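Asks: sharing a model that was predicted from the sequence below.
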Amino acid sequence: MQYHKPVHIALIGLGRMGKIHLRHLLNAIPGASVAAVSDTLYIEDNFRNEFGNFLFTNHPTDAIARPEVDAVVICTPTSSHAALVEEAIEAGKHVFCEKPLDLSLEVTKKLLRKAEEAGLKLMVGFNRRFDPDFLQARQSTATGRIGNLQIIKITNRDPAIPPIEFIKTSGGMFMDFSIHDIDMARYIMNKKVVEVYAKGLVFMDKAVEEAGDIDTALITLTFEDGTYAVIDNSRKAVYGYDQRLEVFGDGGMIQVENNLYHRNIVFDSSGIHQALPLNSFTERYIQSYLKEMELFVDAVGNNTGLPVSHEDIIMATIIAYAARQSMKEGSPVSIR
Ligand SMILES: NC(=O)c1ccc[n+]([C@@H]2O[C@H](COP(=O)([O-])OP(=O)(O)OC[C@H]3O[C@@H](n4cnc5c(N)ncnc54)[C@H](O)[C@@H]3O)[C@@H](O)[C@H]2O)c1
């Protein structure tokens with residue numbers, strides 16, 4: 001992809017996601033140039049040892065406000081997204097923000113409106129769309145390879161319950177975790193969701209309940225033509241990070257299986273043995289993180305459309321909210 005000039009990026013928040021995006025921006029996206037990095041807690045010397053001699057500051061404003069910065073990549077905890085996104089937009093910068101944009105639907109809409117009015121791009125990291133296998137599934141369904149789509153089944157299970165401190169501020173399982181699957185169901189089926197019916201429980205760890213969350217969930221979405229999505233979520237699968245998908249249509253079926261550490265299948269007298277699934281999102285979805293950032297940089301550099309629309313962001317938030325409401329009320333919730 002050719003640009004008129006490199007897209008100068010300020011990256012804010014250097015935790016798990018920030019490091020992934022920074023490494024991609026530095027080493028694998030030729031159209032991007034990292035202008036500044038900020039993390040309120042990171043120690044500058046440690047940053048320099050790990051990443052080299054880039055401008056680093058503990059004050060996000062000093063990075064965002066730099067005149068050469070075209071776009072800000074926000075990878076801080078969810079509770080800080082809104083203020084940083086707002087600041088970046090007010091400074092006239094395009095924004096990539098990790099999911100979810102905010103826990104409040106009203107704030108989400110307000111930020112999107114603000115970006116639109118300023119003529120700036122605002123993309124949220126629904127990275128799974130850009131996983132090569134899921135992208136291929138989307139291309140196959142979109143070209144009618146398996147006919148009219150009836151059911152999508154998505155399995156998303158973490159290998160281990162995250163720290164309780166994270167759970168407390170995450171926004172809850174539907175908003176923090178299932179939101180990826182909700183987006184994936186809409187993306188692959190490419191239909192409007194009209195109803196959400198969700199159930200959830202604490203099955204594994206009472207501390208999750210004390211933190212006000214659940215660790216197991218089942219979500220049924222009904223699409224406008226009466227067809228379904230079934231999403232099953234767990235915070236802990238003892239065999240690793242379980243990420244599978246199946247789409248069923250009147251012309252066939254597509255399955256996406258787990259990515260394993262290797263593809264050997266060993267047969268012996270005790271059974272047939274395979275490697276475990278890749279154990280974390282950082283391994284499983286690394287290609288998708290690169291692709292989403294490439295597409296964001298392309299969209300800014302060439303002033304083209306974003307691959308995640310404002311409607312995608314709003315609908316995923318509305319549906320995640322509805323799932324929580326449905327679980328609480330024990331009945332389906334209509335989406336208008
Ligand atoms: N797309 C995905 O697959 C995916 C996966 C994990 C996390 N996330 C999202 O990414 C975001 C970050 O999650 P993480 O796991 O990388 O978090 P993390 O806790 O590993 O890192 C967050 C970093 O931000 C810094 N920070 C906190 N407040 C800040 C502020 N106001 N300004 C600058 N720096 C600040 C912290 O010091 C820390 O280094 C969350 O919104 C989360 O929901 C997305």
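Replies: Looks like it arrived, so ask away.
Asks: can you pull the residues of the stretch 101-250 of the chain lying near the ligand?
Replies: 125, 127, 176 (Cβ under 6 Å from any ligand atom). Where C-beta positions appear, they are placed from N, C-alpha and C, glycine not excepted.
Asks: let's go with 5 Å and repeat that
Replies: Residues of the stretch 101-250 of the chain that fall close to the ligand, judged by Cβ under 5 Å from any ligand atom: 125, 127.
Asks: list the contacts of the residue of the chain found nearest the ligand.
Replies: Ranked by Cβ to the nearest ligand atom, the top residue of the chain for proximity to the ligand is residue 15, at 1.6 Å. By Cβ atoms under 8 Å, 6 or more residues apart in numbering, the contact list for residue 15 reads 39, 75-77.
Asks: try residue 63
Replies: Contacts of residue 63 were listed using Cβ under 8 Å, 6+ apart, and they are 10-12, 35-38, 55, 57, 69, 72.
Asks: residue 20 now?
Replies: Counted by Cβ under 8 Å, 6+ apart, residue 20 has contacts 282, 286, 289.
Asks: tell me which element it falls in.
Replies: For residue 20, the host element (DSSP states H and E) is helix 16-27.
Asks: what's the answer for residue 287, then?
Replies: helix 286-301.
Asks: that older thread, just the contacts of residue 63 that are near the ligand?
Replies: Within the contacts of residue 63, those near the ligand by Cβ under 5 Å from any ligand atom are residue 12.
Asks: before we move on, back to that, measure how the helix holding residue 20 sits relative to helix 286-301, angle-wise.
Replies: 60 degrees (axes from the mean of the first three to the mean of the last three Cα atoms, to 10 degrees).
Asks: count of residues packed around the residue lying closest to residue 230 once chain neighbours are set aside?
Replies: Leaving aside its sequence neighbours, residue 230 sits nearest to residue 153 (Cβ to Cβ, 6 or more residues apart in numbering; 4.9 Å). By the criterion of other Cβ atoms under 10 Å, residue 153 has 16 neighbours.
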